[in-house]
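J.: Sequence and computational prediction follow.
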Amino acid sequence: MHRYLMPIGLALAVVTTGAVARQAQAQTPEQFLMATYYECDYGLEGTADIMLARLAPVYQKHVDAGEITGFGMSAHVMGGRWRRIVSMSGERDAVLGVWSSLDGEMAAADPAAYAEFNSTCGRHDDYLWANVAGSAGATSTAPTEGQQRLSTYFFCNQAEEETVDSLVIKTIGPEIQKHVDMGHVTSWAWLRHANGGTVRRVLTFTAPTLPGLFQMRSAVMEGVGDEAAGKLFGGACGNHFEYVWADVALNQ
């Protein structure tokens, strides 16, 4: 099967803001998320999900061995052609080492499930993301079943990306974290492109319900309330597209 991994849920704490972020980065090896975004036959997606669940023990074996920190799946709720995301997280070299062996391991573990999934979800895009900032465990723990996830995928001016990263760490991130601390948002993360297609940054956060997800997005933007910061962000990473996903915990 085309290497199947996902964007959600996967090392130890992820940074939140300012000095705390820098200190956490100094103490913890940089964490990465390997994610594959699938286009699937709409009428057969339920079958594809069953096949993924049958293949989940291949991932769990690597979690149990301490090679990766987590894995999971997200199902399309709203957005474009991508219908499923499968991902895993951990330190870069470990993630890449596991990823390079997955096709053979899954084909050997359950040939029928491997073949069925590939026939149902035959097109995909692979991305390797690096964690820049986020709530504790946002990309290191298994996803919570049914959480709604809003992911915004940004095309950015590469010369200004580090400035935008700083803006998220110092201004936008703390506003999202405030809602995490109050229980309105369950997690958030800001990811940077390490390898893959043309998307350069991802902002993702989760909430228990779909209305709550959009309410929190509005509240965060109102809370930031910095016109200069908004112009800086929009000028550097103005072009984007969005998806809403429902998280699925394959290892439950």
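T.: Thanks, I have it.
J.: which residues of the stretch 101-250 of the chain score low on pLDDT?
T.: 137-145 (pLDDT under 70).
J.: Now do the helices in it.
T.: 111-120, 161-167, 173-181, 210-224, 227-237 (DSSP state H, counting those that start in this stretch).
J.: Export only the CA atoms of the longest one, formatted as PDB.
T.: Read that as helix 210-224. Presented in PDB, the C-alpha positions along helix 210-224 are these (Å, rounded to 0.1, in the frame of the first residue of the first chain):
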ATOM      1  CA  LEU A 210     -18.200  21.300  14.800                       C
ATOM      2  CA  PRO A 211     -20.000  24.500  15.900                       C
ATOM      3  CA  GLY A 212     -17.500  24.800  18.700                       C
ATOM      4  CA  LEU A 213     -14.700  24.500  16.300                       C
ATOM      5  CA  PHE A 214     -15.800  27.500  14.300                       C
ATOM      6  CA  GLN A 215     -16.800  29.500  17.300                       C
ATOM      7  CA  MET A 216     -13.300  29.100  18.700                       C
ATOM      8  CA  ARG A 217     -11.700  30.100  15.400                       C
ATOM      9  CA  SER A 218     -13.700  33.400  15.600                       C
ATOM     10  CA  ALA A 219     -12.800  33.900  19.200                       C
ATOM     11  CA  VAL A 220      -9.100  33.400  18.600                       C
ATOM     12  CA  MET A 221      -9.100  35.900  15.800                       C
ATOM     13  CA  GLU A 222     -11.000  38.400  17.900                       C
ATOM     14  CA  GLY A 223      -8.600  37.800  20.800                       C
ATOM     15  CA  VAL A 224      -5.500  38.400  18.800                       C
END
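J.: Not counting that helix itself, show me its contacts.
T.: Helix 210-224 has contacts (C-beta atoms under 8 Å, 6 or more residues apart in numbering) with 77, 148-150, 171-172, 175-176, 178-179, 184-185, 205-207, 230, 244. Every residue, glycine included, has its C-beta placed from N, CA and C.
J.: Can you check what angle separates that helix from helix 227-237?
T.: 120 degrees (axes from the mean of the first three to the mean of the last three C-alpha atoms, to 10 degrees).
J.: For helix 210-224, what is the distance to the chain centroid?
T.: Remark: helix 210-224 is offset 19 Å from the chain centroid, using C-alpha atoms, centre = their mean, to the nearest Å.
J.: Could you list the buried residues of that helix?
T.: 213, 216-217, 219-220, 224 (16 or more other C-beta atoms under 10 Å).
J.: how about those, which pair is most distant?
T.: 213 and 224 (17.2 Å; C-beta to C-beta).
J.: Could you tell me the end-to-end distance of stretch 184-200?
T.: 27 Å (C-alpha to C-alpha, to the nearest Å).
J.: Go through that stretch and flag the buried ones.
T.: 184-193, 196, 199-200.
J.: Quickly name whichever of the residues you listed is closest to residue 238.
T.: Using C-beta to C-beta, the buried residues of stretch 184-200 come closest to residue 238 at residue 200, 11.8 Å.
J.: list the contacts for the closest residue to the closest one other than its chain neighbours?
T.: Computed as C-beta to C-beta, 6 or more residues apart in numbering, the closest residue to residue 200 that is not its neighbour in sequence is residue 156, at 4.1 Å. Shown in contact with residue 156 (C-beta under 8 Å, 6+ apart): 164, 200-201, 236-237.
J.: Most neighbours out of the residues you listed, which is it?
T.: residue 164 (25 neighbours; other C-beta atoms under 10 Å).
J.: Look up how far residue 231 lies from that one.
T.: 12 Å (C-beta to C-beta, to the nearest Å).
J.: related to what we said a few turns ago, quick check on the contacts of helix 210-224: which are buried?
T.: Looks like the contacts of helix 210-224 have 148-150, 171-172, 175-176, 179, 184-185, 205-207, 244 buried, using 16+ other C-beta under 10 Å.
J.: give me the element residue 72 is part of.
T.: strand 70-78 (DSSP states H and E).
J.: Output the contacting helices and strands for the helix with the most length in the chain.
T.: Longest helix in the chain by number of residues, with DSSP state H as the criterion: helix 45-64. Contact here means 3 or more C-beta pairs under 8 Å, 6 or more residues apart in numbering; DSSP states H and E; on that basis helix 45-64 packs against strand 70-78, strand 84-91, helix 92-109, helix 111-120.
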